[in-house]
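A.B. asks: What shape does this take:
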Amino acid sequence: MKLLVTGVAGFIGAKVAETALDKGYVVVGVDDLSQGYASNVPKGCDFINGNLIDPNFVDNLPKDCEVILHLAGQSSGEVSFDNPVLDLEKNTISTLNLIKYGISNKVKKIVYASSMSVYGATEDRPIEESYACTPLSCYGVGKLSAESYLRIYQDQLSHTIFRMFNVYGPGQDMSNLRQGMVSIYLAHIIKTKHVPVKGGVTRFRDFIYIDDVVNIWLQSIENNDFNNKCFNLGTGVKTTVLELLTKIQVVLPDFTWEEVQSTLGDQFGIYADTKKIKNLLVNYSFTSLDVGLLKFVECLQKNQNL
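C.D. replies: Next up is the predicted model:
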């Protein structure tokens, strides 16, 4: 089976493409390299450099791809306020162009990387997929809009929507200090041994390790039980920022932190209700944050970033 993986030069896209290749899939990867790096593109991937905002570029992609794994896009709520129009183009217009491509070429399915940001401000409890969505950022608005377009066209192109929570792990862009809480904190520790904590340590998140994300994405490719459904992709474990910093100190004890002003449009706290996804994942065990952090730091140490 031939897969079209968008955002293939990014953190998650590269990992998905690499694992798909290892499993015997043929992979066509697309990226405009505005956020990703050509060095991330796995060997064996047929890489095409181009912008999914351009309908002519999308129309001329290979016609024989059977499944689209759409991981390209602007991925930061904070950055989305810098240029809301560009954010909309990268996260919504690109998706519309791929829907058109998918329908025209009789693609079996599109799997879409949405975000926990679509929910906005939430209660302090596990948030299920049916929870009312009131995004706080331009990024969240764009992601939610793309979800709606996928539903409109689901009779012509099946979809799976994964609302991604805080993904972390080896391969994350350590130079990007505006996206990825775990990688941001580790990057500050590497550089200065001091972490500015935006918004305070009582905020909370749901951290999911990269390998779990990749495994579930690949399970969705050929399993029709995922079709035309939306899933939270988190662990269901609530972790406060203070708990995260304390866990990091176990593997990297020598650093300090201070609370600073929060970021525009940031969610105070959110974690996933995972019952829906677990119904399809028989006896699946998510990587614990303790184990994931240790693996992440060991990888950084091996690559001499620490």
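A.B. asks: Now do the domain split for this protein, please.
C.D. replies: 2-167+207-233, 168-205+237-302 (automatic domain parsing).
A.B. asks: what's the span of the shortest one, first residue to last?
C.D. replies: I take that to be domain 168-205+237-302. End-to-end distance for domain 168-205+237-302, by Cα to Cα, to the nearest Å: 17 Å.
A.B. asks: Could you do stretch 160-169 as well?
C.D. replies: Across its full length, stretch 160-169 reaches 23 Å between end residues, using Cα to Cα.
A.B. asks: Next, the buried residues of that stretch.
C.D. replies: Within stretch 160-169, the residues that count as buried by 16 or more other Cβ atoms under 10 Å are 160-169. (Glycine included, C-beta is placed from N, CA and C.)
A.B. asks: Next: stretch 58-70.
C.D. replies: Judged by neighbour count using 16+ other Cβ under 10 Å, the buried positions of stretch 58-70 are 58, 61, 65-70.
A.B. asks: re the thing from before, for the domains of the chain, which one ends up most surrounded?
C.D. replies: Ranked by mean neighbour count, these are led by domain 2-167+207-233 with a mean of 20 (mean count of other Cβ atoms under 10 Å).
A.B. asks: Run the chain-centre distance for that domain.
C.D. replies: 8 Å (Cα atoms, centre = their mean, to the nearest Å).
A.B. asks: now the domains of the chain as CSV including mean pLDDT?
C.D. replies: What follows is the domains of the chain, written out as CSV (pLDDT from 0 to 100):
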stretch, mean pLDDT
domain 2-167+207-233, 97
domain 168-205+237-302, 95
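A.B. asks: Roughly how far does residue 176 sit from residue 78?
C.D. replies: 11 Å (Cβ to Cβ, to the nearest Å).
A.B. asks: so what's the residue lying closest to residue 104 once chain neighbours are set aside up against?
C.D. replies: In space, and not counting its chain neighbours, residue 104 is closest to residue 59: 7.7 Å by Cβ to Cβ, 6 or more residues apart in numbering. Listed by Cβ atoms under 8 Å, 6 or more residues apart in numbering, the contact set of residue 59 reads 100-101, 104.
A.B. asks: Just the ones in strands from those residues, please.
C.D. replies: Among the contacts of residue 59, no member falls in strands (DSSP state E).
A.B. asks: just these now: which is nearest residue 216?
C.D. replies: Residue 216 lies nearest to residue 101 out of the contacts of residue 59, by Cβ to Cβ, at 24.2 Å.
A.B. asks: list the contacts for the spatially most distant residue from the centre of the chain?
C.D. replies: Residue farthest from the centre of the chain, counting by Cα atoms, centre = their mean, is residue 254 at 29.5 Å. Taking Cβ under 8 Å, 6+ apart, we find residue 254 in contact with residue 193.
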